[in-house]
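Participant: structure, please.
(2 chains)
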Amino acid sequence: MSRPRSASVVLALLRAQLRLELRTFESLPAMCLFSVTAFLLFHFGLDVDSLSGNLASGVLWVTLLLAALLAINRVYVADAEQGGFDAFVLSPAERSTLLLAKTLVLLIYLAAVELVAVPAFAILLLEPSLWQAMPSLLGALVLGNIGIAVIGALVGALAVRTQARDLLGPLVSLPLLVPVLLGVARWTAPLFDAPRANAVALRWPLVLALYDAVFGLIAFALFDFLLED
Amino acid sequence: MSAVALRALTRRYGERTALAEVTLSLETGQTLAVLGPNGAGKTTLLRVLATLLRPHDGELEVLGHRLPAEGWLVRGRLGLLAHEPMLYRELTARENLRLQAKLHGVATDRIDELLAAVALERRGDEPLRTLSRGLVQRAAVCRTLLHDPELLLLDEPYANLDPAARLIVEPLIGRSSGKTRVIVSHDPQAALSEADLVLGLSRGRAVFLAPPAELDEGALTRLYE
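Facilitator: You can find the predicted model right below:
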């Protein structure tokens, strides 16, 4: 029995998941609404009109990370509740294709949310111009998103098969995401300085890239066992 | 050649034993009917055969491969029709089957052929949540057969189907399909008429294992007492 082509399986799983989201809107609107509401709360709670430097960076990334938890908790729910897990396990497809498809789904969700959340952050809270932070901010978003998506896809699969999935997802994800938060927040803090610092340390992009790669490999190695009985 | 061979197969859920030392052998092309009251271990047996649950003790061979070690060689060669249709409610039957075709690496041409065979081709582009349970069950039959499995594991296959629908799917999953089948049923008479071998389960234990003709009249009555 030959196995199906992995690329074709990943694309099919990705297409199905995006279709489900477009028909139910269970994750994306909630993530966008959460992000914008959190920025409003910071705006009024901190009683400031604008933020810069470390504080701006921290507010942006903590908000994005918490918004991501909403998707991480939901990304496997349809599979668990409607038998998609069983149907997948019964197929000869490589198990890691599901991990890759869910990672891509989370990456797409995060990118879509950031299209709304980052401009909202700039309007509501950021003191310097958003443009001065480009293109380094885009790099931080890409590497940060990869870390969040890989960890989310792994932890989501673990949590969804337990009865306390809404609790377990954040409890396991957040400690694992601390290095990602540290990396992106330190990377982007100088970008949000007013006036902008001249040099951005190369250390944090490298730390993030390394963390993404290591966690990608760990997730790849562990994922098969998560689907086993 | 044995399509399914179990020797002292045991499966537990925590402290509770769902299957206790079940032994049987089913030849290729034959049909095994599994009967028993609720909670007897019938569905657990199907899920173990389907590689979805691991046995805790005993030996298990399916389609010539030892499970769970060689499970990856068996997946894709068996079709499980379970209580749940294993289809996404927000997707249409066609979209669900297209996904399944990709997962199994089979051509999508067969989708229209199967939908026509279960008389679902005109409703194939409607989300499953809008279809009746009977129509969803027909879509689940298509999912089960899409990759042309050698072994069918059928859990109440005719549930939710009216008599006309049952006649429609019967050639696909019934005796005339010519496939090796394990059927779990709560309708003993219907199961007996289809089976070459009947397994009676009670509290996870095999109470009897015999061809229908060799079952004494009281065996079924005692099984459900």
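
Participant: distance check, the residue of chain A found nearest chain B against residue B:63.
Facilitator: Nearest to chain B in chain A, going by C-beta to the nearest C-beta, is residue A:4, at a distance of 2.8 Å. All C-beta spots, glycine's among them, are computed from the backbone N, C-alpha and C. As for residue A:4, its distance to residue B:63 is 19 Å (criterion: C-beta to C-beta, to the nearest Å).

Participant: try residue B:137
Facilitator: Counting by C-beta to C-beta, the gap from residue B:137 to residue B:63 is 26 Å.

Participant: likewise for residue B:73?
Facilitator: Distance, residue B:73 to residue B:63, by C-beta to C-beta: 8 Å.

Participant: centre of the chain to the one helix or strand residue A:205 maps to, how far?
Facilitator: Counting by DSSP states H and E, the element that carries residue A:205 is helix A:203-227. Averaging C-alpha positions (C-alpha atoms, centre = their mean, to the nearest Å) puts helix A:203-227 13 Å from its chain's average.

Participant: element containing the nearest residue to residue B:93 once chain neighbours are set aside, please.
Facilitator: In this structure, residue B:93 finds its nearest non-sequential neighbour in residue B:139, 4.2 Å apart by C-beta to C-beta, 6 or more residues apart in numbering or on different chains. Element membership for residue B:139, per DSSP H and E: helix B:133-145.

Participant: try residue A:183
Facilitator: With DSSP H and E as the criterion, residue A:183 is inside helix A:165-188.

Participant: for residue B:147, same thing?
Facilitator: Residue B:147 belongs to no helix or strand, assigned by DSSP H and E.

Participant: neighbours of it, just the number please.
Facilitator: Other residues near residue B:147 come to 23 when the count uses other C-beta atoms under 10 Å in any protein chain shown.

Participant: surely it touches residue B:75?
Facilitator: No - the pair residue B:147 / residue B:75 is not scored as a contact, 10.0 Å apart, by C-beta atoms under 8 Å.

Participant: just the CA coordinates for stretch B:187-207, please, in CSV.
Facilitator: C-alpha atoms of stretch B:187-207 as CSV (Å, rounded to 0.1, in the frame of the first residue of the first chain):
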residue,chain,number,x,y,z
ASP,B,187,-30.5,-6.9,15.3
PRO,B,188,-29.6,-10.5,15.8
GLN,B,189,-31.8,-12.0,13.1
ALA,B,190,-30.5,-9.6,10.4
ALA,B,191,-26.9,-10.2,11.5
LEU,B,192,-27.4,-14.0,11.5
SER,B,193,-28.7,-13.9,8.0
GLU,B,194,-25.5,-12.2,6.8
ALA,B,195,-22.9,-13.9,8.9
ASP,B,196,-20.6,-16.9,8.4
LEU,B,197,-19.5,-16.7,12.0
VAL,B,198,-21.2,-15.2,15.1
LEU,B,199,-19.4,-13.9,18.2
GLY,B,200,-21.5,-13.3,21.3
LEU,B,201,-19.9,-10.9,23.7
SER,B,202,-21.0,-10.3,27.3
ARG,B,203,-19.0,-8.0,29.6
GLY,B,204,-16.1,-8.3,27.3
ARG,B,205,-16.0,-12.1,27.2
ALA,B,206,-16.7,-14.3,24.3
VAL,B,207,-19.8,-16.3,25.3
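
Participant: what are the buried residues along that stretch?
Facilitator: Across stretch B:187-207, burial judged by 16 or more other C-beta atoms under 10 Å in any protein chain shown covers B:188, B:191-192, B:194-202, B:204, B:206.

Participant: for chain B, list the residues in contact with chain A, please.
Facilitator: Residues of chain B lying near chain A by C-beta under 8 Å from any C-beta of the partner chain: B:50-54, B:72-73, B:75-78, B:80, B:82, B:84-91, B:95, B:98-100, B:102-105, B:127, B:143, B:147.

Participant: got the contact list for residue B:43?
Facilitator: Shown in contact with residue B:43 (C-beta atoms under 8 Å, 6 or more residues apart in numbering or on different chains): B:82-83, B:155, B:184.

Participant: dig out what residue B:209 forms beta bridges with.
Facilitator: Beta bridges link residue B:209 to residue B:199, judged by DSSP bridges.

Participant: please, where are all the helices along chain B?
Facilitator: For chain B, the helices defined by DSSP state H cover B:42-49, B:71-74, B:93-104, B:109-117, B:133-145, B:163-173, B:188-194, B:217-224.

Participant: output the ones you listed as a markdown table; include the columns distance to residue B:14.
Facilitator: Shown next, in a markdown table, are the helices of chain B (distance: least, C-beta to C-beta, whole Å):
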| stretch | distance to residue B:14 |
| --- | --- |
| helix B:42-49 | 13 |
| helix B:71-74 | 23 |
| helix B:93-104 | 31 |
| helix B:109-117 | 39 |
| helix B:133-145 | 30 |
| helix B:163-173 | 34 |
| helix B:188-194 | 30 |
| helix B:217-224 | 26 |
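
Participant: what would these look like in TSV with mean pLDDT?
Facilitator: Listed next are these as TSV, based on pLDDT from 0 to 100:
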stretch	mean pLDDT
helix B:42-49	95
helix B:71-74	90
helix B:93-104	96
helix B:109-117	94
helix B:133-145	96
helix B:163-173	93
helix B:188-194	86
helix B:217-224	83
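
Participant: in chain A, which ranges drop under the pLDDT threshold?
Facilitator: Low-confidence segments of chain A, defined by pLDDT under 70, span residues A:1-2, A:195-200.

Participant: need the longest helix for chain A.
Facilitator: For chain A, the helix with the greatest residue count under DSSP H is helix A:96-124.

Participant: that one near chain B anywhere?
Facilitator: No - judged by C-beta under 8 Å from any C-beta, helix A:96-124 makes no contact with chain B; its nearest approach is 8.6 Å.

Participant: please name the nearest non-neighbouring residue to the residue of chain B found nearest chain A.
Facilitator: Nearest to chain A in chain B, going by C-beta to the nearest C-beta, is residue B:105, at a distance of 2.8 Å. Leaving aside its sequence neighbours, residue B:105 sits nearest to residue A:4 (C-beta to C-beta, 6+ apart; 2.8 Å).

Participant: equivalent analysis for residue A:12, please.
Facilitator: The spatial neighbour of residue A:12 that comes closest, neighbours along the chain excluded (C-beta to C-beta, 6+ apart), is residue B:102 at 3.5 Å.

Participant: thank you, goodbye.
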